[in-house]
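*Asks:* Next one to model:
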Amino acid sequence: MKKTYFLLFGIIVYCAFQSVNAQQIDRIQRGQRGYTPPPKISNKTYIELKDPYKETDIILPKCIEEFKLDAFEKEILKSILIKKFENQNSILSDKKNSREDRQKKILDLEKDFYKELSSILTVEEIEQYKVMDFVESKDEKKKKKRKRRKNRKTSK
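*Replies:* Coordinates of the predicted model:
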């Protein structure tokens with residue numbers, strides 16, 4: 001008899017704690033103010049492959065403007081940039097490389113790139129190239145968008 005009461009009491013206590021735990025009283029629940037979802041943990045390395053021609057189209061005008069390159073130097077720089085991005089994509093897309101191997105190969109690629117740049121640019125210009133910011137600004141994106149819209153309207 002005592003065993004059954006003790007067992008029944010244990011089951012009731014267990015159910016009570018289960019319902020309290022299910023409510024998560026101490027936590028902010030989904031849908032409430034202040035709720036931030038838990039971060040998604042990914043063990044994979046995130047690698048973004050770049051389109052060589054798009055990247056070259058972003059970098060080339062800024063370099064031409066900054067270093068005042070002529071048509072011949074422009075074409076050389078364009079081919080060097082495309083070659084660099086294609087090699088970088090091939091290194092990053094190779095699954096056999098570990099992260100350290102990729103970093104080492106990309107650093108070697110950067111060194112080779114700067115050596116090739118020395119054929120058209122001076123040492124000071126190469127140092128200036130290293131610190132240049134090639135991210136498209138909002139104004140440049142707006143200008144491109146407007147230009148595309150005009151081209152669409154005129155072509156129709």
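
*Asks:* quick one, phi psi at the most centrally placed residue in the chain?
*Replies:* Residue closest to the average C-alpha location in the chain (CA atoms, centre = their mean): Glu48, at 5.9 Å. Note on Glu48: its backbone torsions stand at phi -110, psi 120 [degrees, to the nearest 10].

*Asks:* Model confidence score at it, please.
*Replies:* pLDDT, Glu48: 79.

*Asks:* cool, and Gln29?
*Replies:* pLDDT at Gln29 comes out at 67.

*Asks:* just for this protein, where's the confidence low?
*Replies:* 13-30, 42-46, 136-137, 156 (pLDDT under 70).

*Asks:* Please report how far the residue nearest to the centre of the chain lies from Glu86.
*Replies:* In this view, Glu48 and Glu86 are 15 Å apart by CB to CB, to the nearest Å. (C-beta placed from N, C-alpha, C; glycine too.)

*Asks:* And for Asp51?
*Replies:* For Asp51, the distance to Glu86 - CB to CB - is 10 Å.
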